[in-house]
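Undergrad: Have a look at this prediction, sequence included:
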Amino acid sequence: MRPHRICRGGMGGKDRTANSVPGIVSALTLGVAFTLLALGVQQFWVVFIIGFGVVLPTATRYAKRSNQRTDDQGTTHSETDPALARLRQRYARGKLTDEEFEHQVEKLLVAETKGRDAEEPTDW
């Protein structure tokens with residue numbers, strides 16, 4: 001049998017974007033503040049207050065809210081997984097018993113949640 005790749009569902013790239021927002025905002029805040037300090041601007045410290053007190057929480061909240069909206073609008077990965085679709089077809093044709101179907105679905109879900117490659121269920 002040929003291995004079948006089961007993709008992680010959800011928002012892989014979007015999660016990374018939401019998690020990187022604090023780092024990006026922090027780097028920009030520090031960069032601007034220290035640049036102003038190097039240029040001799042005495043009120044450089046205001047950038048810390050605005051960056052870490054206003055921009056950082058706002059940007060983080062916006063990124064998380066944006067991800068939640070995308071999750072609510074999208075379909076679940078299991079609805080689009082080709083291996084699960086084939087499994088459902090075989091069950092509908094009567095080629096699998098209830099127990100076999102449930103066992104194969106569990107194998108797919110476990111492999112998907114672990115995020116690693118898994119072999120296709122047996123007897124395909």
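TA: On my side now, so go ahead. Predicted model, so just to flag it, every value in this text is computed and none were measured.
Undergrad: Just the helices from the protein, written as ranges.
TA: Using DSSP state H, the helices of the chain run over 12-38, 45-50, 56-73, 77-80, 82-92, 98-114.
Undergrad: Low-confidence ranges, the protein, go.
TA: 1-15, 70-80, 115-124 (pLDDT under 70).
Undergrad: before we move on, back to that, could you dump the helices of the chain to CSV with mean neighbour count?
TA: (C-beta placed from N, C-alpha, C; glycine too.) Below are these laid out as CSV (neighbours: other CB atoms under 10 Å):
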stretch, mean neighbour count
helix 12-38, 14
helix 45-50, 14
helix 56-73, 13
helix 77-80, 13
helix 82-92, 15
helix 98-114, 15
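Undergrad: okay, stretch 85-104 in CSV with CA atoms only?
TA: The C-alpha trace of stretch 85-104 is given here as CSV (Å, rounded to 0.1, in the frame of the first residue of the first chain):
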residue,chain,number,x,y,z
ALA,A,85,-14.4,10.5,1.4
ARG,A,86,-13.3,7.2,0.0
LEU,A,87,-13.9,5.5,3.3
ARG,A,88,-17.5,6.9,3.4
GLN,A,89,-18.1,5.7,-0.2
ARG,A,90,-16.9,2.1,0.7
TYR,A,91,-19.2,2.2,3.8
ALA,A,92,-22.1,3.4,1.7
ARG,A,93,-21.6,0.6,-0.8
GLY,A,94,-21.6,-2.0,2.0
LYS,A,95,-18.0,-3.0,1.7
LEU,A,96,-17.3,-2.1,5.3
THR,A,97,-19.1,-3.1,8.5
ASP,A,98,-20.0,-0.5,11.1
GLU,A,99,-17.1,-1.6,13.3
GLU,A,100,-14.6,-1.6,10.4
PHE,A,101,-15.8,1.9,9.3
GLU,A,102,-15.5,3.3,12.9
HIS,A,103,-12.1,1.8,13.3
GLN,A,104,-10.7,3.2,10.1
